[in-house]
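> Pasting the sequence and the predicted coordinates here, then a few questions.
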Amino acid sequence: MAKISAAEVGKLRKTTGAGMMDCKKALVEAEGDFDKAIEILRKKGQKVAAKRADRDSSEGVVVANINESNTRGILLSLNCETDFVAKNDSYVELANKIAEVAFNCNSKDEVLAADLDGMTVEEKLIEQTGVIGEKLEIGGFEAFEAPFVGGYVHGNKIGALTGLSTSSDHAEEVAKSVSMQVASMGATTLSYKDFDPAFVQSETESRIAAIEKDNIERGRLGKNLLNIPQFISRSQLTDDAIANAKAKFEAELKEEGKPEAIWDRIIPGKIERFIADNTSLDKEQALLDQDYIMDDKKTVAQYVESKGADVVGFKRVSIA
């Protein structure tokens, strides 16, 4: 049996990240052959990975990598099974190393095929599955380019990138603030103008049906009924829809006996409320139309405009 020195064990441990005893056993089995010992550890990782393939990897970390010129960024989540592993410094270090080699990639498949320490990222994940004993995988990956890219990662669990049309004095501030908005509120599109009409119509019908069903139960329990909107997006609020709402408000004011001379002071507020009550989809999913989390008296679009900026896109990755 080959005599294995502590230095050899230490070198293998540094190369693979495996435990001291695993490294020693691998070197003994390989009769001191360093490369063969690495292969033994990889095969162990493959066996562990196969056994844990159907396990849920719902923990992990999200990392971002943005270049110095702020023109390109990537987001990546490295998923594992437990929060205990996700909080380990060496695990976070691995995620950041993968993000470095993934910087020029444009898809998850490209990331998995990228070189990391003389092997592909996919092989590295299999190797580390054997070391850590948990299923490891790239959960999410997004790459983004724009004249200015900034980002934000919240608690290693949610990350966002925001692209601006120009690099201005406030670009870094705006990109970070809007990325915080994306991370927090989870928009799916930039503006209500991007919604597919068929999607909006389907959502309108399902939401109204859900409220009507809820109101039946609320009525049975003697609770106040919820308002049933006519619409859910600004994309549905045509000039005719606004004109009809205005006519309705005028009729109501007339019936209430309010002097016509003061209608112009009342109706704008009612129209504003009508729009707010009939744009729930926009507030939930359209980034620029959401209430700005730092000042809910403004929309995100109004905040961005106040800084002389223009958002051209965003990306978001989170741990499921």
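Yes, it's here.

> which stretches of the stretch 101-250 of the chain form strands?
115-116, 119-120, 137-145, 148-154, 158-164 (DSSP state E, counting those that start in this stretch).

> What pairs with the last one, parallel or antiparallel?
So the one you mean is strand 158-164. strand 148-154 (antiparallel), strand 311-318 (antiparallel) (DSSP bridges).

> Reformat those strands as TSV; add mean neighbour count, distance to residue 74 and mean pLDDT.
(Glycine included, C-beta is placed from N, CA and C.) Shown next, in TSV, are the strands paired with strand 158-164 (neighbours: other C-beta atoms under 10 Å; distance: least, C-beta to C-beta, whole Å; pLDDT from 0 to 100):
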stretch	mean neighbour count	distance to residue 74	mean pLDDT
strand 148-154	21	9	97
strand 311-318	20	9	97
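
> Residue 76 touches residue 63, doesn't it?
Yes. Using C-beta atoms under 8 Å, residue 76 makes contact with residue 63 at a distance of 5.7 Å.

> who touches both of those two?
Residues touching both residue 76 and residue 63 by C-beta atoms under 8 Å, 6 or more residues apart in numbering: 95, 98-99.

> Which of those residues fall in helices?
Using DSSP state H, the members of the shared contacts of residue 76 and residue 63 that fall in helices are 95, 98-99.

> Now render the residues you listed as TSV, adding pLDDT.
As requested, those are arranged in TSV below (pLDDT from 0 to 100):
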residue	pLDDT
95	96
98	96
99	97
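
> Just the element for residue 28, please.
helix 20-29 (DSSP states H and E).

> What is that helix packed up against?
Helices and strands touching helix 20-29, as assessed by 3 or more C-beta pairs under 8 Å, 6 or more residues apart in numbering; DSSP states H and E, comprise helix 6-16, helix 34-51.

> Would you single out the least confident of the ones you listed?
Mean pLDDT is lowest for helix 34-51 among these, at a mean of 64.

> Mind listing residues that contact stretch 182-193?
152-154, 158-160, 162, 181, 195, 233-235, 279, 281-282, 285-290, 293, 301, 311-314, 316, 318.

> which parts of that stretch are buried?
182-183, 185, 187, 189-192 (16 or more other C-beta atoms under 10 Å).

> and if you look at stretch 128-143?
Result for stretch 128-143 [16+ other C-beta under 10 Å]: buried residues 128-132, 134-143.

> Ok, stretch 254-271 next?
For stretch 254-271, a neighbour-count test (16+ other C-beta under 10 Å) marks 263, 267, 270 as buried.

> Please save the CA atoms from that stretch in PDB.
Extracted in PDB, the C-alpha atoms of stretch 254-271 (Å, rounded to 0.1, in the frame of the first residue of the first chain):
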ATOM      1  CA  LYS A 254     -76.400  65.400 -10.700                       C
ATOM      2  CA  GLU A 255     -78.600  62.900  -8.800                       C
ATOM      3  CA  GLU A 256     -76.900  63.900  -5.500                       C
ATOM      4  CA  GLY A 257     -77.700  67.600  -6.200                       C
ATOM      5  CA  LYS A 258     -74.100  68.700  -6.500                       C
ATOM      6  CA  PRO A 259     -73.900  72.100  -8.300                       C
ATOM      7  CA  GLU A 260     -72.500  71.600 -11.800                       C
ATOM      8  CA  ALA A 261     -70.100  74.500 -11.200                       C
ATOM      9  CA  ILE A 262     -68.000  72.300  -8.800                       C
ATOM     10  CA  TRP A 263     -68.000  69.100 -10.900                       C
ATOM     11  CA  ASP A 264     -64.700  69.900 -12.400                       C
ATOM     12  CA  ARG A 265     -63.100  69.800  -8.900                       C
ATOM     13  CA  ILE A 266     -64.700  66.400  -8.100                       C
ATOM     14  CA  ILE A 267     -64.600  64.400 -11.300                       C
ATOM     15  CA  PRO A 268     -60.700  64.300 -11.800                       C
ATOM     16  CA  GLY A 269     -60.400  62.600  -8.400                       C
ATOM     17  CA  LYS A 270     -63.100  60.100  -9.300                       C
ATOM     18  CA  ILE A 271     -61.400  59.400 -12.600                       C
END
